[in-house]
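# Sequence first, then the predicted structure:
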Amino acid sequence: MVTVEKTGSSLIITANKQVPLFARPLYFWYSLLDRIGELWSYRELVRNLVVRDLKVRYRNSALGILWSLVNPMLMMLVFTIVFTVIAPTTNIEKFPVFVLCGILPWNFFSFSVIGSIRSIVDNAPLVSKVYFPREVLPISVVLANLINFLIALLVLFAFILVFQIPLTRWILLLPLVILVQVIFIIGVGLMMATMNVFYRDTQVIMEVLMQAWFFLTPIFYPGEILPRNYHLLGFTIDVWRWMNILNPMASIVATYRVILYGVGNGGAPPDLYFFLRTVLTCMAILGIGSLIFYRYSRNFGEEV
């Protein structure tokens, strides 16, 4: 049986085990579309939360939102000095632009995930007293960091002009790549926010994992240096291939580099198969994250 209840401007649909197996996919998509419609009806709340997050982040800061420009520039400067002056281990052409193409997407991902983890717990009074789609909390964190990311892109384009790197027509794919990354981040954020409600040490563990994830992602080194035939315990492993399969951020960073940095590829387009696989992976992660979040969100008020 399927039960439909009216709550304000939205529908709450519940089903028990009597729902026929053949009807469950239809029920799932109906619930999903209704949930998206409900989120859209709360778009003003999302906007207010995004503005609040930005104000809180830069409160009492001398530079304010300009930190979105200064932070990646400082990180780029450090990596450039370390890997081209102190310990020159690479001869990457126009290294500052190369490393910025990795740092900016990574910062967007890292700050969004860490912020999403505590988004439900930090808003416990709101969650326990007021009804609204709980997913607007992690989504608002991601959108606030998206604004910072878009501002920080100004630094990247400035260095592209300084180093006279020609932009190709593939720059038109940039909004699509950003959208794919947003989909991935929201999926991870929904999963981590749910886990943190029930296991409060999730944030501490994830901060450690994010450090390891950073070094496992080709940010300050080219992914092409990863071995294609690594021998381990009698097995031959294509490290480069598995890195891109198991680490969506590696694929996303590589795509940013193709369309923005592009030095040495002759203006070639991103590999279509490679990019479509990344899109499908990110959408799958969003789907899994949404299912986990929706399954447990009804208990958030009791747990926080």
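In hand now; what should we look at?
# CA only for contacts and neighbour counts going forward, please
Noted.
# got the buried residues for the helix or strand harbouring Val155?
Using DSSP states H and E, Val155 maps to helix 136-162. Residues of helix 136-162 classed as buried: 136-146, 148-149, 151-153, 155-157, 159-160 (neighbour count, 16 or more other C-alpha atoms under 10 Å).
# and after that helix, which helix or strand comes next?
helix 174-198.
# Check which helices and strands that next one sits against.
helix 95-117, helix 119-122, helix 136-162, helix 202-216, helix 248-256, helix 272-296, helix 300-303 (3 or more C-alpha pairs under 8 Å, 6 or more residues apart in numbering; DSSP states H and E).
# try 7 Å
helix 95-117, helix 119-122, helix 136-162, helix 202-216, helix 272-296, helix 300-303 (3 or more C-alpha pairs under 7 Å, 6 or more residues apart in numbering; DSSP states H and E).
# In terms of mean pLDDT, which of the ones you listed ranks lowest?
Among the helices and strands packed on helix 174-198, helix 300-303 carries the lowest mean pLDDT, a mean of 79.
# so where's the stretch 1-150 of the chain shaky on pLDDT?
By pLDDT under 70, the low-scoring segments of the stretch 1-150 of the chain are 1-32, 60-65, 89-90.
# If we use 90, what do you get?
1-46, 49, 51-95, 122-134 (pLDDT under 90).
# So what's the model's average confidence on the helix or strand where Trp242 lies?
Using DSSP H and E, Trp242 falls within helix 239-246. For helix 239-246, mean pLDDT is 80.
# Touching it from outside, list them.
223, 226-228, 230, 250-251 (C-alpha atoms under 7 Å, 6 or more residues apart in numbering).
# if we go to 8 Å?
223-224, 226-230, 250-251 (C-alpha atoms under 8 Å, 6 or more residues apart in numbering).
# So which of those belong to strands?
The strands, defined by DSSP state E, take in Tyr230 from the contacts of helix 239-246.
# Need the buried ones from the contacts of helix 239-246 selected in ChimeraX.
With 16+ other C-alpha under 10 Å as the criterion, this ChimeraX line picks the buried residues out of those:
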select :223,250,251
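# For Asn229, give me phi and psi.
As for Asn229, its main-chain torsions (degrees, to the nearest 10) stand at phi -140, psi 80.
# In the protein, which residue is most central in space?
Geometric centre of the chain, nearest residue: Ile185, 2.5 Å, by C-alpha atoms, centre = their mean.
# Need the nearest residue in space to that residue, chain neighbours excluded.
Of all residues not flanking Ile185 in the chain, Phe109 sits nearest, at 6.2 Å (C-alpha to C-alpha, 6 or more residues apart in numbering).
# Now Val258. Nearest residue, chain neighbours left out?
Pro270 is the one closest to Val258 (C-alpha to C-alpha, 6+ apart), at 6.1 Å.
# quick one: that neighbour and Tyr261 touch, right?
No: using C-alpha atoms under 8 Å, Pro270 makes no contact with Tyr261, being 11.8 Å away.
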